[in-house]
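**Student:** the sequence and its predicted three-dimensional model are supplied below.
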Amino acid sequence: MGEPMAYPDPVLPGVNLWDLPGVGTSYFPLDSYCKQLNLCRYNFFIIVGAQRFRSDHARLVREIQRMGKRFYFVRSKADMDLDASRRQRPSSYNEEGILQQIREDCRRGITAEGVGHPQVFVVSNWESNCYNFPLLRQTLQTELQRLKRHAFLRSLPAVASPVVKQKKAALKGEIWKTALFSCLLAAVPVPGVAFLCTFVIFRKHLFRYYSSFGLDDRSLSALARQVGKPVGELTAVMMS
């Protein structure tokens with residue numbers, strides 16, 4: 001019948017790639033596929049096909065998109081297409097042109113089924129460094145980093161959101177006063193004085209804003225202790 005099988009990623013620790021049964025079979029009909037396999041538990045989906053994109057794939061992708069998750073279409077067995085083209089038209093053989101044509105054919109087939117903005121990767125069944133496989137690996141790593149940041153942010157406590165909004169409104173209301181004072185300083189006839197005073201004032205206010213929202217080193221250290229995370233990890237999320 002076939003059951004989902006987990007395979008640890010050979011490069012990324014703690015990441016499992018799940019091989020799911022094919023959609024539209026007698027054991028896994030499309031109408032009950034999502035519920036049977038509990039698709040909401042997975043972070044994103046890689047749909048592998050050796051031929052054109054089918055209508056079953058399109059319906060599955062629409063369900064995936066309804067869950068707010070991403071999908072990637074992988075066109076496998078490109079070696080066979082290249083070998084056939086090399087034998088049939090050896091004088092005009094163009095590997096990159098053929099790969100581009102395969103990608104475009106896949107994209108057209110996907111969009112014709114009503115799925116917008118598909119990401120298509122053409123890969124070899126035997127060579128992991130050929131064609132779009134390195135790009136696929138890079139894309140998945142980027143996606144995993146995005147999901148990791150999202151999960152990390154969700155794990156943080158809600159730091160009094162209404163209070164943060166009130167602080168934002170209050171500090172925003174003070175900006176015009178600082179700007180007005182800076183304009184008045186600009187009228188000072190002594191060269192350099194206006195610039196120096198304005199710089200000092202802005203620097204003072206920026207540090208104040210930083211502290212008000214708990215972004216200074218002391219506040220971040222306290223938050224890191226509270227959630228059991230390293231300060232560097234908090235800072236990395238802020239900068240990403």
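**Tutor:** Thanks, I have the structure now.

**Student:** from now on I want contacts and neighbour counts done on CA atoms only, so please keep to that.
**Tutor:** Will do.

**Student:** looking at this structure, which helix or strand is least sure?
**Tutor:** When each helix and strand of the chain is scored by mean pLDDT, DSSP states H and E, helix 161-185 comes last, with a mean of 63.

**Student:** check which residues of stretch 72-82 are buried.
**Tutor:** Neighbour-count burial for stretch 72-82 flags 72, 73, 74, 75, 76, 77, 78, 79, 82 (criterion: 16 or more other C-alpha atoms under 10 Å).

**Student:** tell me the one of those nearest residue 217?
**Tutor:** Checking these against residue 217 by C-alpha to C-alpha gives residue 72 as the nearest, at 39.9 Å.

**Student:** setting aside sequence neighbours, what's the nearest residue to the closest one?
**Tutor:** residue 46 (4.8 Å; C-alpha to C-alpha, 6 or more residues apart in numbering).

**Student:** and residue 228, what pLDDT?
**Tutor:** pLDDT for residue 228: 64.

**Student:** please enumerate the strands of the protein.
**Tutor:** 5-8, 16-19, 44-49, 70-75, 120-122 (DSSP state E).

**Student:** mind checking those for the one nearest to residue 134?
**Tutor:** Taking C-alpha to C-alpha, strand 120-122 is the member of the strands of the chain nearest to residue 134, at 9.7 Å.

**Student:** so what touches the closest one?
**Tutor:** 72-76, 78, 99, 102-103, 106-107, 131-133, 135-136 (C-alpha atoms under 8 Å, 6 or more residues apart in numbering).

**Student:** just the ones of those residues in helices?
**Tutor:** Secondary structure from DSSP state H places 78, 99, 102, 103, 106, 107, 133, 135, 136 of those in helices.

**Student:** using TSV, please lay out the residues you listed together with distance to residue 7 and pLDDT.
**Tutor:** Listed next are the ones in helices among the contacts of strand 120-122 as TSV, based on distance: C-alpha to C-alpha, whole Å; pLDDT from 0 to 100:
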residue	distance to residue 7	pLDDT
78	23	83
99	28	83
102	28	84
103	27	85
106	27	84
107	28	84
133	18	85
135	20	85
136	17	84
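
**Student:** now, of those residues, which are buried?
**Tutor:** Buried, going by 16+ other C-alpha under 10 Å: 78, 99, 102, 103, 106, 107, 133, 136, out of these.

**Student:** spatially, which two of those residues are the most separated?
**Tutor:** 107 and 133 (17.2 Å).
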